[in-house]
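Q: Structure for the following, please:
(chains A and B)
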Amino acid sequence: MAETALTTHGLSPARPDGWQGIAADWSSDQRAFKNVSWGKAMMWIFLLSDTFIFSCFLLSYMTARMSTTVPWPNPSEVFALEIAGHHIPLILIAIMTFILISSSGTMAMAVNFGYRRDRVKTAVLMLLTAALGATFVGMQAFEWTKLIREGVRPWENPWGAAQFGSSFFMITGFHGTHVTIGVIFLIVIARKVWRGDFDVGRRGFFTSRKGNYEVVEIMGLYWHFVDLVWVFIFAFFYLW
Amino acid sequence: MVDVPYDATADIPLAEVPEVDLYHPRSWWTRYVFSQDAKVIAIQYSLTATGIGLVALVLSWLMRLQLGFPGTFSFIDANQYLQFITMHGMIMVIYLLTALFLGGFGNYLIPLMVGARDMVFPYVNMLSYWVYLLAVLVLASTFFVPGGPTGAGWTLYPPQAILSGTPGQDWGIILMLASLILFIIGFTMGGLNYVVTVLQARTRGMTLMRMPLTVWGIFTATIMALLAFPALFVASVMMLFDRLLGTSFFMPSLVEMGQQMKYGGGSPILFQHLFWFFGHPEVYIVALPAFGIVSDLISVHARKNIFGYRMMVWAIVAIGALSFVVWAHHMYVSGMHPKFGFFFATTTLIIAIPTAIKVYNWVLTLWRGDIHLTVPMLFALGFIITFVNGGLTGLFLGNVVVDVPLSDTMFVVAHFHMVMGVAPIMVVLGAIYHWYPKITGRMLNDVLGKFHFWVTFLGAYLIFFPMHYIGLLGVPRRYHDIGEAAFIPSSTHTLNAFISIMALIVGFAQMVFLFNLTWSYFKGRPSGGNPWRATSLEWQTPETPPGHGNWGKELPVVYRWAYDYSVPGAPQDFIPQNQPRATPVLQGAAP
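A: Residues are numbered from 1 along each chain as shown, chains lettered A, B, ... in the order given. Have a look, this model is predicted:
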């Protein structure tokens, strides 16, 4: 992935700041984003594209919710749990959100240790992030199971507009797929870190190129994005 | 000398990006089949797109046979006619034009024109092609499944797209949506490559404002595609759920065959918004690469620098940005609020400004140029004329009051075929004649080429000009047989037959072109490395066709823009981009 080592052997020493700097970078040769590797640039552009996908999903859901003539089920009630005799609205979602946001914290720490070339701590923190992500997906599976048991289907539900179930399964399903893919890649890259691929310059299986610790940061970009998207889903689907 | 100033003091810019180890194929399979070389991938993309495009061409013949001689061909019934228009439209717009411009020309030209050895992620690039091929195969398979391909029209509007009255309701629509989803996944992988290569992997001295306009067009179109295809992706996923799971995203309450259906509460208009939020940028995803390529063709073959280079670049960017805020002009008859109609009509007409700037600049490039009427130049000129004609009818359709009576008539069909069918295809053909020598090392046959051009160009006009008239008479589109109606004069039928015959003739000319492609590959005149005496980097490669890694040992260094033609005082009438400034000082214009 990231093969352009961040060498600065060609950069002129004085680079202007602020807007002038941006203009200078964009009108220069070779690259528009100085010191940004190919892999990182690709991930940012991919995330921009993915933002449009999630935006379209959320806007479609909001359109359906606003235009339906049948009452929309109350999410606080639907997603409430009975815990020790107490009826607590949205408790599971609150815990899930807390876990996912925490996983962003461990991911950021992994990136930090990656740049310090601390092989073991990086790998452990990435695996911890993956574990938190897997927990999130697990709790989502629990939530799906509970709703399906209560009779929620993509085409109908006992409480009101059919679009509630369809939007819920589609949006959380698509987000959950993103988290799952993230967990898989976290484990793959954690293994590479653990094995020391980035220290000895071992070539990747697919790309046949040498990787470096920046891959951890690129992984982190994806992971933070997935968390950020969840914040919007949480706000627009559960809190609205 | 007209040049874009960049640090005129430093002749050789410093290297910022160290050389990257290239992937080297070790066997025939990894060299020609599972290749990671952008040039091979480009050819794979082009051949696949052409192959499925020929299917769409045959479909158009069948449609024209039915329209021109209704009732004569018993093997075409109403359902099949609908299936033909659907597959013809979808294939031509997405699987042919988008794939050919971005996957084909983008892959071949971007690395060569910006002076890179390959795309930045060759492995992902390879995957992009194979996913695209899978999408094409899934699409083609719908011809063979029970019920045949979907007949919903290329816009796939719900609710009819998934109701039982529409042909292909069993398998066709499902496979169509699956194929679109695959295409978008495949395209995204390729598109990320093109964008990052342009932004981050240019050679020394290659600034953004020195890139040939071809790269600008493809680059901007790719960014647009990365932002527009998500809407189609989401719409396809949701419609697939409506069809397979019985959700009601797009489906209102319906009574079908006297039965109340289970659907209810969905919004068909939501689909239209999603579809056209993709669909309108898609028009420019096809048009912008054409704009860029045609600028280069005109400049090379008129031996003159492109007029107003910076203006051309900003016009491309402005068109790209504006095309995201005009989508609802496809929906004037959907019952939208008149104020929205006003807004979208205004934005639509504003797009005419940067577009007109481009047309003026093309004409001003030709002005007093040393015009060589080569085959690529003929196609480029054909494009300008066709595009202006198609664009003018766009002004009609962009206005709400004019659009409402013209909506869903053959006038619309004639308009978009002129502006985004014939015009981009002209550029595709011109570009093939232009770059074929670089790709194969041989020239295409000139006589066959000129025959191909004149038949295609004149034929396209003879097909689509009468079609405007038929549309103005009120003949609706998507009717397999217009029958006898009081408002349609009987001469319409004669005209329809005439159009159909012309369509067959133009189609025949494309067979001549295919023959030319094949014949010249083996027997064509050897071209040498730079037959058009062009300046841009792809013509300066040490080998023709360019070898693996494109540039031999040393990457080229760029000293000037791509349009130094007929520079006064220069020994030749062109100065390649990689020629140092050591050439004699020519004129006092540049800083």
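Q: Which helix or strand contains B:Gln83?
A: Here B:Gln83, judged by DSSP states H and E, is contained in helix B:78-90.
Q: er, A:Thr180 actually
A: For A:Thr180, the secondary-structure element it belongs to, assigned by DSSP H and E, is helix A:162-195.
Q: Against which helices or strands is that helix packed?
A: Helix A:162-195 sits against helix A:38-67, helix A:119-149, helix A:214-233, helix B:213-244, with contacts defined as 3 or more Cβ pairs under 8 Å, 6 or more residues apart in numbering or on different chains; DSSP states H and E. Using the backbone N, CA and C atoms, a C-beta is placed for each residue, glycine as well.
Q: quick one: the first one to helix B:213-244, angle?
A: In terms of direction (axes from the mean of the first three to the mean of the last three Cα atoms, to 10 degrees), helix A:38-67 departs from helix B:213-244 by 40 degrees.
Q: Pull out the buried positions in the helix or strand just after helix A:38-67.
A: Along the chain past helix A:38-67, the next helix or strand (assigned with DSSP H and E) turns out to be helix A:75-78. By neighbour count with 16 or more other Cβ atoms under 10 Å in any protein chain shown, helix A:75-78 contains the buried residues A:75, A:78.
Q: same question, stretch B:261-280
A: In stretch B:261-280, the ones that count as buried by 16+ other Cβ under 10 Å are B:261, B:263-280.
Q: Now do residue 142, the pLDDT please.
A: All of this is about chain A. With respect to pLDDT, A:Phe142 has a value of 95.
Q: Actually, chain B is the one I wanted.
A: According to the prediction, B:Thr142 has pLDDT 95.
Q: so who does it touch?
A: B:87, B:148-150, B:168, B:171-172, B:175-176, B:179 (Cβ atoms under 8 Å, 6 or more residues apart in numbering or on different chains).
Q: and which of the residues you listed is nearest chain A?
A: When the contacts of B:Thr142 are compared for distance to chain A, the smallest value, 18.0 Å, is given by B:Ser179; criterion: Cβ to the nearest Cβ.
Q: Verify the contact between that closest one and B:Ala135 for me.
A: Yes: contact criterion Cβ atoms under 8 Å: B:Ser179 and B:Ala135 qualify, at 4.8 Å.
Q: distance of B:Tyr81 from B:Phe498?
A: B:Tyr81 sits 19 Å away from B:Phe498 when distances are taken as Cβ to Cβ, to the nearest Å.
Q: make that A:Leu147, sorry
A: 62 Å.
Q: Report the two of the contacts of B:Thr142 separated the most.
A: The distance between the two most remote of the contacts of B:Thr142 (Cβ to Cβ) is 14.6 Å, for B:Gly148 and B:Ser179.
Q: ok, these two, which is more surrounded?
A: B:Ser179 (23 against 18; other Cβ atoms under 10 Å in any protein chain shown).
Q: picking up where we left off before, more crowded one of B:Tyr81 and B:Phe498?
A: When neighbours are counted by other Cβ under 10 Å, B:Tyr81 and B:Phe498 differ, and B:Tyr81 comes out ahead with 22 against 14.
Q: so what's the residue lying closest to that one once chain neighbours are set aside up against?
A: Residue nearest to B:Tyr81 in three dimensions, not counting chain neighbours: B:His480, with 3.6 Å by Cβ to Cβ, 6 or more residues apart in numbering or on different chains. The contact partners of B:His480, taken as Cβ under 8 Å, 6+ apart, are B:66-67, B:70, B:76-78, B:81-82.
Q: So how do I select the buried members of these in ChimeraX?
A: To isolate in ChimeraX the members of the contacts of B:His480 that are buried, counting by 16+ other Cβ under 10 Å, one can use:
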select /B:66,67,70,76,81,82
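Q: tell me which of the contacts of B:His480 is nearest to chain A?
A: When the contacts of B:His480 are ranked by distance to chain A (Cβ to the nearest Cβ), B:Leu82 comes first, at 27.1 Å.
Q: Dihedrals phi and psi, the nearest residue to that closest one once chain neighbours are set aside?
A: Excluding its sequence neighbours, the residue lying closest to B:Leu82 (Cβ to Cβ, 6+ apart) is B:Gly151, at 3.2 Å. Note on B:Gly151: its backbone torsions stand at phi -120, psi 30 [degrees, to the nearest 10].
Q: B:Gly151 and B:Asn79, how far apart?
A: For B:Gly151, the distance to B:Asn79 equals 6 Å [Cβ to Cβ].
Q: Residues in contact with both of those two, list them for me.
A: Contact criterion Cβ under 8 Å, 6+ apart; residues bridging B:Gly151 and B:Asn79 by contacting each: B:Pro167.
Q: Show me which of the two is the more surrounded one.
A: Taking B:Gly151 and B:Asn79 together and counting by other Cβ under 10 Å, B:Gly151 has the greater number of neighbours (26 against 16).
Q: Show the contacting residues for the more buried one.
A: When the contact criterion is Cβ under 8 Å, 6+ apart, the partners of B:Gly151 are B:79-80, B:82-83, B:85-86, B:166-168, B:172.
Q: Quick check: of the residues you listed, which lies closest to chain A?
A: B:Thr166 (20.5 Å).
Q: how close does the closest one sit to B:Gly264?
A: As for B:Thr166, its distance to B:Gly264 is 20 Å (criterion: Cβ to Cβ).
Q: what's around residue 146, how many residues?
A: Here I'm looking at chain A. Look at A:Lys146: counted by other Cβ under 10 Å, it has 14 neighbours.
Q: let's do chain B instead
A: Neighbour count of B:Pro146, defined by other Cβ under 10 Å: 8.
Q: Then the one 10 residues further on?
A: With neighbours defined by other Cβ under 10 Å, the count for B:Leu156 comes to 25.
Q: In terms of helices and strands, where is it?
A: Short version: B:Leu156 belongs to no helix or strand, going by DSSP H and E.
Q: right, and it touches B:Met176 too?
A: Yes: checked against Cβ under 8 Å, the pair B:Leu156 and B:Met176 is within contact range at 7.2 Å.
Q: any residues in contact with both of those two?
A: Common neighbours of B:Leu156 and B:Met176, using Cβ under 8 Å, 6+ apart, are B:86, B:150.
Q: okay, now B:Gly471: neighbour count?
A: Here the number of neighbours of B:Gly471 (other Cβ under 10 Å) works out to 21.
Q: how about it, secondary structure?
A: Assigned by DSSP: H, G, I helix; E, B strand; the rest coil, the conformation of B:Gly471 is helix.
Q: wait, it sits on B:Phe416?
A: No: applying Cβ under 8 Å as the test, B:Gly471 and B:Phe416 come out as separate, 11.3 Å apart.
Q: distance of the closest residue to chain A within the stretch 451-591 of chain B from A:Arg153?
A: The nearest approach of the stretch 451-591 of chain B to chain A comes at B:Val558, 7.3 Å away (Cβ to the nearest Cβ). When Cβ to Cβ is the yardstick, B:Val558 and A:Arg153 sit 60 Å from each other.
Q: what about the chain, any weak spots by pLDDT?
A: I went with chain A, as the question did not name one. By pLDDT under 70, the weakly predicted segments of chain A are A:1-14.
Q: Not quite, go with chain B.
A: When the per-residue scores of chain B are filtered using pLDDT under 70, the ranges that remain are B:1-11, B:582-591.
Q: That's all I had, so thanks and see you.
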